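Any chance you could fold what I've pasted below:
(chains A and B)
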Amino acid sequence: MARNDGDEPHRPAPARGRLAATVGVIGELLITAGVLMALFVVYSLWWTNVLADREAKRQSGTVRENWAKKGPGALDTKDGIGFLHVPSMRNGEVLVKSGTGGDVLNEGVAGFYRSPVKAAMPWDKSGNFTLAAHRDGHGAKFHNIDKIKTGDAVVFETRDVWYVYKVYAELKETSKYNVDVIDPVPKESGKTRPGRYLTLTTCTPVYTSDYRYIVWAELERTEKVDSERTKPKELR
Amino acid sequence: MYGWIWRHLPGNAWVRALISLVLVLAIVYALFQYVFPWAEPLLPFNDVTVDNGMAVSR
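Sure thing, here's the model as predicted:
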């Protein structure tokens, strides 16, 4: 770049110097844009995880504390209804809260659907307990959803009950408008009768949002939570 | 551009380097704290739910 040392700015710049300076500035702008995008990737894939994991840990602590106090009365669902354990995802427990908006999911939790099809709760007699969580960033709680195979256990823990589900179908790629997958009876999974189902949804392929990845499970049994909160054998 | 900024910073090379570093950190902080959280929902990288395309499910 044509650079004088500041003290002699009045020398008329030759035409080539001006061109070189322009090219130099454009180059610097391009480099800046590249650095900005790189920083955004760092933000998306690392920093949001840091924030979300911190927030999820705090909220999980609150829920566990409330459970420990164990006052009488209905289950308090404001802070979260329970924890999802999927051993094949190897990511510990995931707090489950109400709603699938960004404000909820960005806290590093999984959310159950309220729209377009309202999720059934695990304790309902029949229906589909439908969940969504991030594949990348913001805790990336369903990052390893592709590691889940048919026959794997999915356990949902509430204050009083362990709900043990067994995965029976996966849909590796579907349209993001395919709301049928969260129907009370998800026909695409091969089921035709009402039952107690669980559906996990997230985006695929990784790092993009072009399609959705779906995993279906069906309730196998429930176990009462004992005083030590002994985990069901699937989690041991 | 950066050359122009560098020439307009006060002090010797060390002071300028220090000021530059502070400026860079301030910009990165502003990006992570304000700009990226604002921009992220506008970019199509992080939608995980199925919906009917009518509205974001909330």
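
Most proximal residue of chain A with respect to chain B?
Closest contact between chain A and chain B, by Cβ to the nearest Cβ, is at A:G101 (3.7 Å). Just so you know, the C-beta spots here come from the backbone N, C-alpha and C atoms, and that holds for glycine as well.

A:E157 against A:V94, yeah?
No. Using Cβ atoms under 8 Å, A:E157 is not in contact with A:V94, being 10.2 Å away.

Going along the chain, name the helices of chain A.
Using DSSP state H, the helices of chain A run over A:15-42, A:48-69, A:102-105.

if we compare those, which one ends up closest to A:Y207?
Ranking the helices of chain A by their distance to A:Y207 (criterion: Cβ to Cβ) puts helix A:15-42 first, at 9.1 Å.

buried sites along stretch A:121-133?
Within stretch A:121-133, the residues that count as buried by 16 or more other Cβ atoms under 10 Å in any protein chain shown are A:121-122, A:127-133.

Next, count neighbours for A:D146.
18 (other Cβ atoms under 10 Å in any protein chain shown).

For it, which non-adjacent residue is closest in space?
Excluding its sequence neighbours, the residue lying closest to A:D146 (Cβ to Cβ, 6 or more residues apart in numbering or on different chains) is A:Y213, at 6.9 Å.

B:V28 too?
Distances taken as Cβ to Cβ, 6+ apart place A:L39 nearest to B:V28, at 6.7 Å, with adjacent residues excluded.

Tell me who's in contact with the one you found.
Shown in contact with A:L39 (Cβ atoms under 8 Å, 6 or more residues apart in numbering or on different chains): B:28, B:31-32, B:36.

quick one, what contacts the closest residue to A:F142 other than its chain neighbours?
On the basis of Cβ to Cβ, 6+ apart, the spatially nearest residue to A:F142 that is not a chain neighbour turns out to be A:T202, at 3.9 Å. Going by Cβ under 8 Å, 6+ apart, A:T202 touches A:132-135, A:142, A:145, A:212-213, B:48.

quick revisit: mind checking which of the helices of chain A is nearest A:T208?
A:T208 lies closest to helix A:15-42 among these, at 12.9 Å (Cβ to Cβ).

Tell me who's in contact with the residue nearest to A:Y168 when sequence neighbours are not counted.
Closest residue to A:Y168 apart from its sequence neighbours, by Cβ to Cβ, 6+ apart: A:E218 at 5.6 Å. Neighbour list for A:E218: A:165-166, A:168, A:191, A:195-198 [criterion: Cβ under 8 Å, 6+ apart].

one more time with 6 Å
Applying Cβ atoms under 6 Å, 6 or more residues apart in numbering or on different chains, we find A:E218 in contact with A:168, A:195, A:197.
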